[in-house]
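[1] Model the structure of this input:
(one chain, ligands or ions: 1)
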Amino acid sequence: MEERGGKQMIIDIHSHCFIPDAIAARAIAGMARVVDGVLWPVGDGSLRNQLDQLDHDGIDMACMLPIATKPTQHDVILRNALALRDGSIDPRSRRKIHPFMSAHPADPDLDRHLDEIQALGFRGVKVHPYYQGYALDDPEVWPFFRKLADRGFVVECHCGYDVGYPGRCDACGPREIAALLRNVPGLVFIAAHLAGCAGFPPHSTDELLELGCYADTSALSRDWMKDEQMRILRSWPTERLLFGTDFPWVKYDEAVRWVRSVRKEEDWEAVFGGNARRLLGL
Ligand SMILES: [Zn+2]
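    Sure thing, here's the model as predicted:
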């Protein structure tokens, strides 16, 4: 990728890969089947492929976001995150991948597990209301988010429409996010996919700004020219936007070009890396 604006650090706050390599092809094929005709993967889902892409496109670091789809997945997710951190699968991951953890509200050992990952120095926790079976505006789930907030985790949450759950818009749209943030003050919350705007009326996300919400810039490339996605990317304050791709569903070079085409050059430093470094303490 061409160098513009000097040595600018680019951190992808939102990416996925599957560990080990042996399950990547199966996982990505399964997901591609679910979203058949809507979305095509641009990578094979493996760590090696992601690292190759990061190197090729000049991306300095990617946050890898696992999702605990069952309450029992803590151990395997932690094992993978530690392997990414110590480079035991591929030495490049030590400096190129910042692993997030995940947490599940129905985990019977939740407190112990959160204390453990906090002690191990993990800063980010990824959650996904559709995969995990709750809505953000359900008061029963607020204590879970309170625990994440009290330990200082940065919560990255799938928000808005999910192509894998056609017809659903009841769990993590702007209204549900607002209810959560109003009831869990102090929660550092990154609303993925431009604050979950896809599938909702224009300006639905505006009240999230007053609630301290962050948004990542990941959006399906088919949505890049849509008015609401463009409006949020253009008008949200620089310090609230974090570059994200959702790789392997969006190509790195194209995602960088899109964000650069919408935001002024003076915003790039913060959006492409500065905000992520500040939130994650990198
Ligand atoms: Zn994602």
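
[2] Would you agree residue 172 is in contact with residue 156?
    No: here residue 172 lies out of contact with residue 156, judged by C-beta atoms under 8 Å, at a distance of 12.0 Å. C-beta coordinates here come from the backbone N, C-alpha and C atoms, glycine included.

[3] ok, how many other residues are close to the nearest residue to residue 237 once chain neighbours are set aside?
    Nearest residue to residue 237, sequence neighbours excluded (C-beta to C-beta, 6 or more residues apart in numbering): residue 209, at 7.3 Å. Other residues near residue 209 come to 16 when the count uses other C-beta atoms under 10 Å.

[4] ok, residue 280 - contacts?
    With contact taken as C-beta atoms under 8 Å, 6 or more residues apart in numbering, residue 280 is in contact with 63, 98, 123, 124, 154.

[5] ok, so of those, who is nearest residue 262?
    residue 63 (21.4 Å; C-beta to C-beta).

[6] isn't that closest one right up against residue 96?
    No: counting by C-beta under 8 Å, residue 63 does not reach residue 96; the two are 10.7 Å apart.

[7] Ramachandran coordinates for the residue nearest to residue 237?
    phi -60, psi -40 (degrees, to the nearest 10).

[8] That one and residue 272: what is the separation?
    20 Å (C-beta to C-beta, to the nearest Å).

[9] One more: residue 92?
    On the measure of C-beta to C-beta, residue 92 and residue 272 end up 20 Å apart.

[10] Quick check on these two: which one has the bigger neighbour count.
    residue 272 (26 against 16).

[11] Make sure I have this right: that one is in a strand.
    No: looking at residue 272 with DSSP: H, G, I helix; E, B strand; the rest coil, it is helix, so not inside a strand.

[12] Would you check that it makes contact with residue 13?
    No: the pair residue 272 / residue 13 is not scored as a contact, 9.9 Å apart, by C-beta under 8 Å.

[13] any common contacting residues for those two?
    residue 243.

[14] nearest to residue 233, of the contacts of residue 280?
    Nearest member of these to residue 233, counting by C-beta to C-beta, is residue 63, at 19.0 Å.

[15] quick one: contacts for the closest one?
    11-15, 97-100, 124, 156, 244, 276, 280.

[16] now swap in residue 202 and tell me
    227, 228, 231.

[17] confidence score at the first one?
    In the predicted model, residue 227 carries a pLDDT score of 93.

[18] Tell me how far it lies from residue 234.
    10 Å.

[19] before we move on, back to that, by neighbour count, which of the contacts of residue 63 wins?
    Most crowded among the contacts of residue 63, counting by other C-beta under 10 Å, is residue 12 at 33 neighbours.

[20] Is the closest residue to that one other than its chain neighbours part of a helix or strand, or is it coil?
    Excluding the flanking residues, the one nearest residue 12 by C-beta to C-beta, 6+ apart is residue 62, at 4.1 Å. Following three-state DSSP, the label given to residue 62 is strand.

[21] wait, isn't residue 62 in contact with residue 16?
    No: using C-beta under 8 Å, residue 62 is not in contact with residue 16; the gap is 9.4 Å.

[22] Overlap in contacts, the two.
    residue 247.

[23] Not counting its own residues, what contacts the helix or strand where residue 51 lies?
    In this structure, residue 51 sits in helix 47-57 according to DSSP states H and E. Contact with helix 47-57 is made by 1, 12, 15, 17-19, 21, 24, 43, 59-62, 64, 84, 89-90, 92-93, 96-97, 247-248, 251-253, 256, as judged by C-beta under 8 Å, 6+ apart.

[24] Send over that helix as CSV, restricted to the C-alpha atoms.
    C-alpha atoms of helix 47-57 as CSV (Å, rounded to 0.1, in the frame of the first residue of the first chain):
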residue,chain,number,x,y,z
LEU,A,47,-3.8,-17.1,10.9
ARG,A,48,-1.1,-17.5,8.3
ASN,A,49,-3.3,-16.0,5.6
GLN,A,50,-4.2,-13.1,7.8
LEU,A,51,-0.5,-12.4,8.7
ASP,A,52,0.4,-12.6,5.0
GLN,A,53,-2.4,-10.0,4.2
LEU,A,54,-1.3,-7.7,7.0
ASP,A,55,2.3,-7.8,5.7
HIS,A,56,1.2,-7.3,2.1
ASP,A,57,-1.1,-4.4,2.8
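
[25] how about that helix: buried residues?
    By 16 or more other C-beta atoms under 10 Å, the buried positions in helix 47-57 come out as 47, 48, 49, 50, 51, 53, 54, 57.
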